[in-house]
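*Asks:* Starting from these lines, generate the structure:
(chains A, B and C)
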Amino acid sequence: MEKITIPIGPQHPLLKEPLSLLIDIMGENVLGGDLRLGYVHRGIEKLAQTRNYVQNVPLIERVCGICSHVHTTTYCYAVEKLLGIEIPARAQYIRALMCELERIHSHLLWLGILCKHIGLDTIFMHTWHNREMVLDIMEELSGGRVSHAANKIGGVRFDLDQDHGPMVVSILNKLRVEIDKLRDVVMYEPTIRARTQGVAPLSPEEIRQFGVVGPVARASGVDVDFRRDDPLPPYDQLKFSVVTNQAGDAWARTLVRVEEIEESMKICGQILQDLPDGSVEIRASRRVPAGQVVVRAEAPRGELIYFLRSDGSDSPARLKIRTPSLTALSILPKQLSEIQVADIPVVIAGVDLCIACADR
Amino acid sequence: MIRNLIGKIYRWAQKNSLWVLHFNTGGCNGCDIEFLDLLTPRYDVERLGILAEGSPRHADVLICTGPVTRQTQKGIWQIYSQMPSPKWVVALGSCSNTGGVFYDSDTVLGGIDKVLPVDLYIPGCPVRPEAIIEGLIKLQERI
Amino acid sequence: MVQKVISDIESEIGKPYQQLESIINEHVLQIPSEDLRQVVKVLTQKHGYNHLSTITAQITKEDPDYIEVLYHFWKGSGFTLLLRLEKENPVIDSIIDFIPGVDFYEREVAEMYGVHFNLRDGTPPLLLPDDWTEGPPMLTSEKE
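*Replies:* Numbering: from 1, shown residues only, chains lettered A, B, ... in the order given. Now for the predicted structure:
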């Protein structure tokens, strides 16, 4: 038997983003893989230097469509730290509410895509139908389904009135019933377990060496969550638990993400209960004093880090973004080297790729 | 006269079953997930006869999202030339129409009309699913 | 806690380093580029600073002849190593044998700023297109 190389090129029904993978196989065993990024590189770090701080907020929002809110949240917190201002508590809670809703919608999206790759189209249809409920909430609050434009430097752009709270709670209660049904299906359906259990396990040592973050790391027992360990303002007052699993294979990653949806819904309930009164914005000057700051946040896929340097003018001197998808991609060739050909879609989907985030 | 009739039946069959190929040439995924939303029960374009296909050789319509980056330029031509005629190209979203917020970047060429002939432009950032359905119906009426 | 780590590094390598206050939220330690591998060895093997968040490179207006390279570590709080390389000939040792996950970060710094990394098999391009011939993009037209 000789070695064959399969190119999974930029256009492929498996991937909705352009990414080039070259996978070496011999018979049914996969020997390894190589990947080529850069198809979605738009030069955002360089573009951010040519625009001012306020114009950068819509640009940063379009780094990735799925986790757009957490990018602008981190950027706005970085600029506010340099300005030396602190936004009102009500704005902090609204920012966290949108972050958690985004986490729910991102994990539901991922679950649908994983089941579609395994071949269970019905679960794909059900999860995306349930995801529409979350998008309805976000549209009711902010006006946009996928791109909300919720943040601005100095606070948030909209406020919740007294009807919004009960409306969100009632939709989340309906969603909880649906998620419980889905969780039962995912945990007890023998096909999903058979396709994902034991596939591409990662040990905690490998996780640490490659710097992997997010649900992939928590599924191997590494207990790190930047909402608890390095919290941005409202998270230090919210109670939640961090979901981990010891097995480290694709099944563990599925379980971790399904449990995280449940935790996020609890956090949303807490936020709506404890929402403080007050205004939602504070005046921020356009010229930012010189300085450098590093801010870390927990995106749905892991740790997001922003480095911002200002030189006293009204546009950034250097903006550096590192997204969690880049760390997951660095371990993908290693994961592809111990599996069978039929497991390739499960491994690629289990990593929760977002090439637009990784390439910027 | 028979030819006319056959032509009419052919066009009627074609416009009621447009098979769509989706290609992301460098976008942020916002328009992609709104496009995939069309296949889900709430918007359900299959009742219009539209099916999402995987291979260029089976597709009638190429839907492009995202601005064209220098790296994806050759790939687009290959896909377009593999599609059999008659074929149509739809540009989805403001990045695909004109380059969007990335129009002045060094690695971005601009909208899809710098590389391919476009039949329909659907604006939005990201595009709402209702707008995509309206655009596809307009394309059907044109056939 | 972090002070203990810093004094331990200084006693292992045998010379004092300068601590800066230049970045909000982070402890910053400036080291010369020759000592990078020894400092990273002490940090990772003796004190457990295993998580390297990213590597940032920048050119500042105050010092336009130098490229600053920042290594952001994290363990409970942020800890950054700051190195300065000559802009005309930026060369630095790779730490890929200590932390295999820095592969992508080093490749990005190499292609964006033209930095050369020793002790590794070259740095193939990561993000720039195949037909890019204009040279490192962040070096040209850095903000005045």
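
*Asks:* okay, CA-based contacts and neighbour counts for the rest of this
*Replies:* Noted.

*Asks:* can you list the residues of chain B near chain A?
*Replies:* B:23-32, B:37, B:40-42, B:53-55, B:69-72, B:75, B:101-102, B:104-108, B:125-126 (C-alpha under 8 Å from any C-alpha of the partner chain).

*Asks:* what ranges of chain C fall below the confidence cut-off?
*Replies:* Scanning chain C for pLDDT under 70 picks out the ranges C:140-144.

*Asks:* mind redoing it with 50?
*Replies:* Along chain C, segments meeting pLDDT under 50 span C:142-144.

*Asks:* Get me the contact residues on it for chain B.
*Replies:* Proximity of chain C to chain B is confined to C:128-131 under the rule C-alpha under 8 Å from any C-alpha.

*Asks:* got it, and the stretch 1-150 of chain A?
*Replies:* Residues of the stretch 1-150 of chain A lying close to chain B by C-alpha under 8 Å from any C-alpha are A:10-13, A:16-18, A:38-44, A:47, A:59, A:62-66, A:125, A:128-129, A:146-147.

*Asks:* Chain B: strands as residue ranges?
*Replies:* B:19-24, B:51-53, B:61-65, B:68-69, B:88-92, B:108-110, B:120-122 (DSSP state E).

*Asks:* And the contacts of the third one?
*Replies:* The reference is to strand B:61-65. Applying C-alpha atoms under 8 Å, 6 or more residues apart in numbering or on different chains, the contact partners of strand B:61-65 are B:18-27, B:31-32, B:80, B:87-93, B:95-96, B:112.

*Asks:* could you measure the residue of chain B found nearest chain C against residue C:124, distance?
*Replies:* Nearest residue of chain B to chain C (C-alpha to the nearest C-alpha) works out as residue B:71 at 5.0 Å. Applying C-alpha to C-alpha, to the nearest Å, the value for residue B:71 to residue C:124 is 16 Å.

*Asks:* Enumerate the residues of chain A near chain C.
*Replies:* For chain A, the residues in contact with chain C (C-alpha under 8 Å from any C-alpha) are A:36-39, A:41, A:46, A:49, A:208-211, A:229-230, A:291-295, A:305, A:307, A:317-318, A:320, A:322, A:326-327, A:330-331, A:359.

*Asks:* what are the phi and psi values for residue A:287?
*Replies:* When read as degrees, to the nearest 10, the backbone of residue A:287 gives phi -90, psi 130.

*Asks:* hang on, the earlier thing: can you flag the buried ones in the residues of the stretch 1-150 of chain A next to chain B?
*Replies:* Among the residues of the stretch 1-150 of chain A next to chain B, those classed as buried by neighbour count (16 or more other C-alpha atoms under 10 Å in any protein chain shown) are A:10-13, A:16-18, A:38-44, A:47, A:59, A:62-66, A:125, A:128-129, A:146-147.

*Asks:* Who are the contact partners of residue 100?
*Replies:* This is for chain A. Residue A:100 sits next to A:264-265, A:267-268 when contact means C-alpha under 8 Å, 6+ apart.

*Asks:* That was the other one, I meant chain B.
*Replies:* Counted by C-alpha under 8 Å, 6+ apart, residue B:100 has contacts B:67, B:94, B:111.

*Asks:* still on that earlier bit, give the buried subset of the contacts of strand B:61-65 as a PyMOL selection command.
*Replies:* Here is the PyMOL command that selects the buried residues among these (16+ other C-alpha under 10 Å):
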select buried, chain B and resi 18+19+20+21+22+23+24+25+26+27+31+32+80+88+89+90+91+92+93+95+96+112
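
*Asks:* what does the model give the residue in the stretch 51-200 of chain A that chain B sits nearest to for pLDDT?
*Replies:* Nearest to chain B in the stretch 51-200 of chain A, going by C-alpha to the nearest C-alpha, is residue A:65, at a distance of 4.1 Å. On the pLDDT scale, residue A:65 is placed at 87.

*Asks:* residues in contact with it?
*Replies:* So residue A:65 contacts A:146-147, B:28-31 (C-alpha under 8 Å, 6+ apart).

*Asks:* returning to what we had before: among the strands of chain B, which one carries the weakest average confidence?
*Replies:* strand B:51-53 (a mean of 84).

*Asks:* Can you tell me the SS state at residue C:80?
*Replies:* Under DSSP: H, G, I helix; E, B strand; the rest coil, the three-state class of residue C:80 is strand.

*Asks:* Distance check, residue C:127 against residue B:70.
*Replies:* From residue C:127 to residue B:70 the distance is 11 Å (C-alpha to C-alpha).

*Asks:* Which parts of chain C are helices?
*Replies:* Along chain C, the segments classed as helices by DSSP state H run C:2-13, C:36-41, C:103-113.

*Asks:* For these, give me JSON lines that also has mean neighbour count.
*Replies:* Converted to JSON lines, the helices of chain C look like this (neighbours: other C-alpha atoms under 10 Å in any protein chain shown):
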{"stretch": "helix C:2-13", "mean neighbour count": "14"}
{"stretch": "helix C:36-41", "mean neighbour count": "17"}
{"stretch": "helix C:103-113", "mean neighbour count": "21"}
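
*Asks:* in chain A, which helix has the most residues?
*Replies:* helix A:89-118.

*Asks:* and whatever helix or strand comes next after it, what does it pack onto?
*Replies:* Beyond helix A:89-118 on the C-terminal side, the first helix or strand identified by DSSP states H and E is helix A:121-142. Applying 3 or more C-alpha pairs under 8 Å, 6 or more residues apart in numbering or on different chains; DSSP states H and E, one finds that helix A:121-142 contacts helix A:89-118, helix A:164-188.

*Asks:* With respect to burial, which of these scores highest?
*Replies:* helix A:89-118 (a mean of 22; mean count of other C-alpha atoms under 10 Å in any protein chain shown).

*Asks:* Looking at chain C, which residue is nearest chain B?
*Replies:* For chain C, C-alpha to the nearest C-alpha, closest residue to chain B: residue C:129, 5.0 Å.

*Asks:* what about the closest residue to that residue other than its chain neighbours, distance to residue C:131?
*Replies:* What sits nearest to residue C:129 in space, not counting adjacent residues and going by C-alpha to C-alpha, 6 or more residues apart in numbering or on different chains, is residue B:71, at 5.0 Å. Applying C-alpha to C-alpha, the value for residue B:71 to residue C:131 is 8 Å.

*Asks:* Am I right that residue A:304 is in a helix?
*Replies:* No: under three-state DSSP, residue A:304 sits outside any helix and is assigned strand.

*Asks:* Model confidence for it, exactly?
*Replies:* Turning to residue A:304, the model gives it a pLDDT of 91.

*Asks:* Can you pull the residues that touch both of residue C:127 and residue B:70?
*Replies:* residue A:39.

*Asks:* How about the contacts made by residue A:266?
*Replies:* Residue A:266 sits next to residue A:240 when contact means C-alpha under 8 Å, 6+ apart.
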